[in-house]
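J.: Based on what follows, work out the 3D shape:
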Amino acid sequence: MFFNFFGAANLTTQLGADFSIRSLTFTEDDVSAVTIGGANTLTIGTGGITDNATNAGALPTMSTNVALGASQSWTNNTTNVFTVIGGVSGGPGNALTIAGSGAFTFTNANSIAAPPVYCPMARR
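T.: From the prediction side, this is the model:
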């Protein structure tokens, strides 16, 4: 799934059901805040998350619960903080690697089988 909406204003997506995707990417053209919320779970596959949105207003927030469908990397290549409010879960074989020069903030209890691995450039 790509968020690539040059000039679009405040994008909010509410999951009305559990949903699975291969990856989630915020492109350089994303200029507005994006929130993915709802009471359901978003399962992300091997492609993980990549944030390349360079605009200061492009603040991504995941307020829905997220399940790791496979081992994956979440990469923030921006100066914006990527906020994860929903819980993150994953089974024993589903590792999470945090990468990129930008920060991730996790504000809820997570139940990942192994703690996330932070690459040397990743900010917490």
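J.: Point out where the protein drops to low pLDDT.
T.: Scanning the chain for pLDDT under 70 picks out the ranges 1-11, 114-115, 119-124.
J.: rerun that using 80 as the cut-off
T.: For the chain, applying pLDDT under 80 flags the ranges 1-12, 29-32, 56-57, 109, 113-124.
J.: where along it do the strands fall?
T.: Residue ranges of the strands in the chain, as given by DSSP state E, are 2-3, 11-14, 19-26, 34-37, 41-51, 60-62, 65-68, 72-76, 82-84, 88-90, 96-99, 104-106, 111-112, 117-118.
J.: who does residue 12 bridge with?
T.: Counting by DSSP bridges, residue 12 forms beta bridges with residue 35.
J.: give me every residue that touches the residue most central in space within the chain.
T.: Central residue of the chain (Cα atoms, centre = their mean): residue 49, 5.1 Å from the mean position. Contacts for residue 49 (Cβ atoms under 8 Å, 6 or more residues apart in numbering) come out as 23-25, 72-75, 82. Quick note: C-beta positions are derived from backbone N, CA and C, even for glycine.
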